[in-house]
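Q: What shape does this take:
(one chain, ligands or ions: 1)
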Amino acid sequence: MDPDADALERSAEAALRPGTLDEFVGQRVVRDQLDLVLKAASARGATADHVLLSGPPGLGKTTLAMIVAHEMGATLRVSSGPAIQHAGDLAAILSSLDEGDVLFLDEIHRLARPAEEMLYLAMEDFRVDVVVGKGAGATSIPLSLPPFTVVGATTRAGLLPAPLRDRFGFTAHLDFYEPHELRAILERSAGKLGLALDGDAAAEISGRSRGTPRIANRLLRRVRDWAQVHGSGRADLAAARQALTVYEVDERGLDRLDRAVLGALCTRFGGGPVGLSTLAVSVGEESETVETVAEPFLVREGLMSRSPRGRVATADAWVHLGLQPPADALA
Ligand code: ATP
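A: The predicted structure is shown next:
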């Protein structure tokens, strides 16, 4: 996506974000647990424990971080693993925190090693050692920090080193949403957009949203576009189907990347097994994108399987692409 289109999508998305835990649909267990953590901290007049949220993109990690800050009446500070190149970048952020602030660190698994080590200490002891000067004259000045809460988000919890993971008092994994939860999200979003959305259209969109609220909201906006340009302005079933066809989202919710990955797996690699990086190169994508965006959904849909020797297409994948599965295809 080009940067302008990306920024537009992000701001359209922000307008639909739930602001409180009560408005946050689904993930009931995580919501209940987090509610308890926050209420207990508030009752004690303390800052909340550090929170680690993991799960595929678009399931609500950023939204929950904002909700944590809102529910605690705290200021949210936002940064991310890739934005923190040096320990000094993190020291600058940490030393500017006020008491009770919530520091959201997106893609926390991508923090550079020295920054990661500085973060452990800061999370555990609310202390940071600032190095002043260079070479032999460098001195380390310990600086105490006011208590604050880190909300870390990661699509790849397995990549977090244990010492960092252990500093989080509450960790939660967000799972894909059920169709009825996505319908509830779509109905709420349609209300916010002032869009009339029929029940069968909501069901159609939710069925093609890969269990992901971000995708559901994005598809809803595309259906709204179609209804405004070609239809009556109402998001009915016909508008939903036509719009989703235009945007190449098939009836199972696979988009162009998913179909490219499955297509390559079946036609170029005979159904696999093939290594992740080879597969990613063959569709012109980063391994991380294939691994975190396409793969969890394809595996969950029973279209792809992971074996020690690589990725394998199931018989269902061949059939979905309109191809004859080989006799030895995985059931
Ligand atoms: P990424 O890791 O890609 O940044 P994320 O997990 O942080 O993704 P969010 O940005 O929090 O995802 O959510 C994407 C969009 O989906 C938000 O704009 C929000 O409107 C919507 N959304 C996510 N979860 C929910 C939910 N439980 N209820 C209602 N809307 C939701």
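
Q: When you work out contacts or count neighbours from here on, use the C-alpha atoms and nothing else.
A: Fine.

Q: Mind listing residues that contact whichever helix or strand residue 40 is part of?
A: Assigning secondary structure by DSSP states H and E places residue 40 in helix 28-44. Here helix 28-44 makes contact (C-alpha atoms under 8 Å, 6 or more residues apart in numbering) with 21, 47, 48, 49, 68, 71, 72, 170, 172, 173, 174.

Q: So for residue 6, what pLDDT did the model give?
A: Here the pLDDT value assigned to residue 6 is 67.

Q: actually residue 9, sorry about that
A: Model confidence at residue 9, given as pLDDT, is 67.

Q: now swap in the one 3 residues further on and tell me
A: At residue 12 the predicted local distance difference test score is 72.

Q: How about residue 157?
A: With respect to pLDDT, residue 157 has a value of 83.

Q: residues contacting the closest residue to it other than its chain neighbours?
A: In space, and not counting its chain neighbours, residue 157 is closest to residue 54: 5.9 Å by C-alpha to C-alpha, 6 or more residues apart in numbering. Taking C-alpha under 8 Å, 6+ apart as the contact definition, residue 54 lies against 61, 153, 154, 155, 156, 157, 171, 172, 173, 174.

Q: So which of those residues sit within strands?
A: Among these, the members falling in strands are 153, 154, 171, 172, 173 (criterion: DSSP state E).

Q: check contacts around the first one.
A: For residue 153, the contacting residues are 52, 53, 54, 61, 62, 104, 105, 106, 107, 108, taking C-alpha under 8 Å, 6+ apart as the criterion.

Q: that older thread, among the ones in strands among the contacts of residue 54, who's most crowded?
A: Neighbour count (other C-alpha atoms under 10 Å) singles out residue 153 as the most crowded of those, with 29 neighbours.

Q: Bridged to that residue, which residues?
A: Residue 153 forms beta bridges with residue 53, as assigned by DSSP bridges.

Q: where does it land on pLDDT?
A: With respect to pLDDT, residue 153 has a value of 97.

Q: Residues of the stretch 201-331 of the chain that sit close to the ligand?
A: Applying the criterion C-alpha under 6 Å from any ligand atom, the portion of the stretch 201-331 of the chain that neighbours the ligand consists of 213, 214.

Q: Repeat that for the stretch 1-150 of the chain.
A: Residues of the stretch 1-150 of the chain that fall close to the ligand, judged by C-alpha under 6 Å from any ligand atom: 13-14, 16-18, 24-26, 57-63.

Q: Phi first, then psi, for residue 320.
A: Backbone dihedrals for residue 320, given as degrees, to the nearest 10, come out at phi -60, psi -30.

Q: quick one on the thing from earlier: which of the residues of the stretch 1-150 of the chain next to the ligand lies closest to residue 262?
A: Proximity of those to residue 262 (C-alpha to C-alpha) peaks at residue 57, which lies at 19.9 Å.

Q: State the phi and psi torsions of the spatially closest residue to that closest one that is not a sequence neighbour.
A: On the basis of C-alpha to C-alpha, 6+ apart, the spatially nearest residue to residue 57 that is not a chain neighbour turns out to be residue 155, at 6.5 Å. For residue 155, the backbone dihedrals are phi -90, psi -10 (criterion: degrees, to the nearest 10).

Q: before we move on, back to that, and the residues of the stretch 1-150 of the chain next to the ligand, which are buried?
A: For those, a burial check counting by 16 or more other C-alpha atoms under 10 Å picks out 16-18, 24-26, 57-63.

Q: got a markdown table for the residues you listed, with secondary structure too?
A: Compiled in a markdown table, these are given as follows (DSSP: H, G, I helix; E, B strand; the rest coil):
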| residue | secondary structure |
| --- | --- |
| 16 | coil |
| 17 | coil |
| 18 | coil |
| 24 | coil |
| 25 | coil |
| 26 | coil |
| 57 | coil |
| 58 | coil |
| 59 | coil |
| 60 | coil |
| 61 | helix |
| 62 | helix |
| 63 | helix |
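
Q: and those residues as TSV, adding pLDDT?
A: Formatted as TSV, these follow (pLDDT from 0 to 100):
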residue	pLDDT
16	85
17	91
18	92
24	95
25	94
26	93
57	89
58	93
59	95
60	95
61	96
62	95
63	96
